[in-house]
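Participant: Could you work out the structure for the sequence below:
(2 chains)
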There are 2 protein chains.
Amino acid sequence: MKIDVHTHIMPEKMPNWTKKFGYGDFIHLEHHHPGCGKMMKGDTFFREIESNCWDSESRLVDCEKHNVDIQVLSTIPVLFNYWAKPEHCLEISRFLNDDIAQRVEEHPDRFIGLGTIPMQDSELAIKELERIKNELKLPGIEIGTHVNGKNLDNPDLFPILKACEDLDLAIFIHPWDMLGGDRLNKYWMKWLVSMPAETTTAIMSLIFGGVLDKLPNLRICFAHGGGSYIGTLSRIKHGFDVRPDLIAVNTKKSPYDYFGMLYFDSLTHDKTMLKYLIELAGFDRVCLGTDYPFPLGELEPGKLIDSIESFTTEQKDLLNYKTALNWLKIDSK
Amino acid sequence: MKIDVHTHIMPEKMPNWTKKFGYGDFIHLEHHHPGCGKMMKGDTFFREIESNCWDSESRLVDCEKHNVDIQVLSTIPVLFNYWAKPEHCLEISRFLNDDIAQRVEEHPDRFIGLGTIPMQDSELAIKELERIKNELKLPGIEIGTHVNGKNLDNPDLFPILKACEDLDLAIFIHPWDMLGGDRLNKYWMKWLVSMPAETTTAIMSLIFGGVLDKLPNLRICFAHGGGSYIGTLSRIKHGFDVRPDLIAVNTKKSPYDYFGMLYFDSLTHDKTMLKYLIELAGFDRVCLGTDYPFPLGELEPGKLIDSIESFTTEQKDLLNYKTALNWLKIDSK
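Facilitator: Numbering: from 1, shown residues only, chains lettered A, B, ... in the order given. All right, here's what the predicted structure looks like:
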């Protein structure tokens, strides 16, 4: 059994929001020939994608090929639209969430859905959270590593996170709108340097902002094996030890004390780093995640986990699906 | 025998450059009571430091305590002054380099010096490189991870790196002016998230910019065990494999192929990460470095290396001093 907690999807057809709202560079899809689509950001070409980005059936074919039983579907982060007017972001979020819920309804044994919400407006965000939970029956949401420059310890975001805890919704945190500016445009560094740094920033903000102390029942999973967090954690811990005046301002607990609370996907591409992540976080806190259907993901889902001979069958079961069910609080599928 | 390749120093007395030049926020030191100093950035308090930041004798007392035989002295990166007018940066660089050379002259068996140069002006930089080599007899320089936003693959910087190769000068690359903006001001994240990302940016720029292919005899050592590079390298390699159109634009070689060319200090604070760094780079490419005298450094120089029982005495000798001599091309001290 395999559940892939990190897969992205978008609707096959979306309104041209840029035209509709009269501003901004919203994403829409142009289907220029069968099986291919151009993601357009306003009028600008953003990325070529294939049908497995929007077509459930294509995805299921890929799943068969790689023995993936269930995909957890989340929106492509470029569709978060946190920068838009809140009511417009809400409208798009509802559209995206309905699309994901529809797919789950069509294939309840093959898909689990995560919602997206207008993080820039806590009132609207919470309204949509309630709909995600009560109407759409999704077990969680995906959010970005920041909201228009506000890190996840920002008081404006706290009510949203609190509502997730109250509603018992799992959270998947994915980097977007990556830090570093134009310096990191070359060599895909926004994806290779900034994304991992974004995730570390998110983890540190939640820990040292005291958010996790206030909301101890949040179930958060971080993309890309926690980004650069694991490889730099000892530096962070040393910083915590020697300059508590700068770091331990909202919590006195060491970053290592939070491992029981944090989930991570397995997307490290690296045996040593995956083993180290698991040594720190535990088999019951790491879930198979591949970033499907994008090329920077694990192209053969579960291959890395499978390749580590020292893991027992029980441990691999945790990584491959049991921890995912635990994170999502789903008994079984 | 122990050589610490990563220690910072500044002169005890410096002119108030801000007053002298009539602009900018240059660093100077205010000695408010014995053994303590305030680093001032223009008129603003920047950091409290102790006498071991500027006083050779205090440093040697600390060296005795921790069995450090030799410190490699480099300027505190906030004194790079790449943002200043080139002729002013040159003036300050000369002042700093003379100070370091003087200390080496006073304690030739205990100190090795690295120079600093005005990277914002290749002509002046090369002039000072020649003085560093021929007059001051220093074996290398320290530079930042970027120069006013120009990464190390920028063509403006190439003549300087070429001159280092021609003059056979070692290079120590240290993060400064860290990316990420105001979002990373809290929890010391500029030091804990941005610094590691800076170093990865520098390594990627030198590799994928084709600089190392053009200058194969450069001897470069990266601070902080390469920052976040080692922990995210497999992601970088996977990116290189799947999107060569974005990454392999100037070199077709895998990032793993460059390990023989790159030196790293040992400052990981982490047994697993140090072992992984060495597994990748080799014992003959990793040197003891502590960031002395700053608290984020290894407070007991060499403790981490000593603590790894699986390393043989010969391997520890490489880490503790032999690799440093090799990097600096010094026969012995």
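Participant: ok and the residue in chain A nearest chain B?
Facilitator: Shortest chain A-to-chain B distance, computed as C-beta to the nearest C-beta: residue-wise this is residue A:231, at 1.9 Å. C-beta coordinates here come from the backbone N, C-alpha and C atoms, glycine included.
Participant: In chain A, where is pLDDT below threshold?
Facilitator: In the predicted model of chain A, residues A:333 satisfy pLDDT under 70.
Participant: Tell me where it has strands.
Facilitator: Listed from the start of the chain, chain A has strands (DSSP state E) covering A:3-9, A:27-33, A:36-41, A:44-50, A:70-75, A:111-115, A:140-144, A:146-147, A:150-151, A:170-174, A:220-222, A:262-265, A:286-287.
Participant: hmm, back to that, leaving out sequence neighbours, find the closest residue to the residue of chain A closest to chain B.
Facilitator: Distances taken as C-beta to C-beta, 6 or more residues apart in numbering or on different chains place residue B:231 nearest to residue A:231, at 1.9 Å, with adjacent residues excluded.
Participant: doesn't residue B:270 make contact with that neighbour?
Facilitator: No: if you go by C-beta atoms under 8 Å, residue B:231 and residue B:270 don't touch, sitting 9.6 Å apart.
Participant: So between those two, which is more surrounded?
Facilitator: Taking residue B:231 and residue B:270 together and counting by other C-beta atoms under 10 Å in any protein chain shown, residue B:231 has the greater number of neighbours (34 against 22).
Participant: what's that one in contact with, if anything?
Facilitator: In this structure, residue B:231 makes contact with A:196, A:228, A:230-232, A:273, B:273, judged by C-beta atoms under 8 Å, 6 or more residues apart in numbering or on different chains.
Participant: can you rerun that using 10 Å?
Facilitator: If a contact means C-beta atoms under 10 Å, 6 or more residues apart in numbering or on different chains, then residue B:231 has A:196, A:225-233, A:268, A:270, A:272-273, A:276-277, B:196, B:200, B:225, B:268, B:270, B:272-273, B:276-277 as its contacts.
Participant: can you pull the contacts of the closest residue to residue A:85 other than its chain neighbours?
Facilitator: Closest residue to residue A:85 in three dimensions, ignoring its sequence neighbours and counting by C-beta to C-beta, 6+ apart: residue A:21, at 7.4 Å. With contact taken as C-beta under 10 Å, 6+ apart, residue A:21 is in contact with A:15, A:84-85, A:87-88, A:91-92.
Participant: quick revisit: same list, the strands of chain A, but as JSON lines with distance to chain B please.
Facilitator: What follows is the strands of chain A, written out as JSON lines (distance: least, C-beta to the nearest C-beta, whole Å):
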{"stretch": "strand A:3-9", "distance to chain B": "14"}
{"stretch": "strand A:27-33", "distance to chain B": "20"}
{"stretch": "strand A:36-41", "distance to chain B": "16"}
{"stretch": "strand A:44-50", "distance to chain B": "11"}
{"stretch": "strand A:70-75", "distance to chain B": "19"}
{"stretch": "strand A:111-115", "distance to chain B": "23"}
{"stretch": "strand A:140-144", "distance to chain B": "12"}
{"stretch": "strand A:146-147", "distance to chain B": "7"}
{"stretch": "strand A:150-151", "distance to chain B": "6"}
{"stretch": "strand A:170-174", "distance to chain B": "15"}
{"stretch": "strand A:220-222", "distance to chain B": "14"}
{"stretch": "strand A:262-265", "distance to chain B": "13"}
{"stretch": "strand A:286-287", "distance to chain B": "16"}
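Participant: does residue A:301 really touch residue A:59, like I thought?
Facilitator: No: using C-beta atoms under 10 Å, residue A:301 is not in contact with residue A:59, being 11.6 Å away.
Participant: tell me what the longest helix belonging to chain A is packed against?
Facilitator: Using DSSP state H, we find that the single longest helix of chain A is helix A:86-106. Packed against helix A:86-106 by the contact rule (3 or more C-beta pairs under 10 Å, 6 or more residues apart in numbering or on different chains; DSSP states H and E) you find strand A:3-9, helix A:17-21, helix A:56-65, strand A:70-75, strand A:111-115, helix A:122-134, strand A:140-144.
Participant: Which strands border the last one, and is each parallel or antiparallel?
Facilitator: Note on strand A:140-144: by DSSP bridges, its sheet partners are strand A:111-115 (parallel), strand A:170-174 (parallel).
Participant: so how far is the first one from its chain's centroid?
Facilitator: By that I understand strand A:111-115. Using C-alpha atoms, centre = their mean, to the nearest Å, the mean C-alpha position of strand A:111-115 is found 11 Å from that of the whole chain.
Participant: can you state the direction angle for that strand and helix A:86-106?
Facilitator: Interaxial angle, strand A:111-115 versus helix A:86-106 (axes from the mean of the first three to the mean of the last three C-alpha atoms, to 10 degrees): 170 degrees.
Participant: all helices of the stretch 151-300 of chain A, in order?
Facilitator: Secondary structure of the stretch 151-300 of chain A (DSSP state H, counting those that start in this stretch): helices located at A:158-167, A:189, A:195-208, A:211-214, A:229-242, A:244-247, A:271-281.
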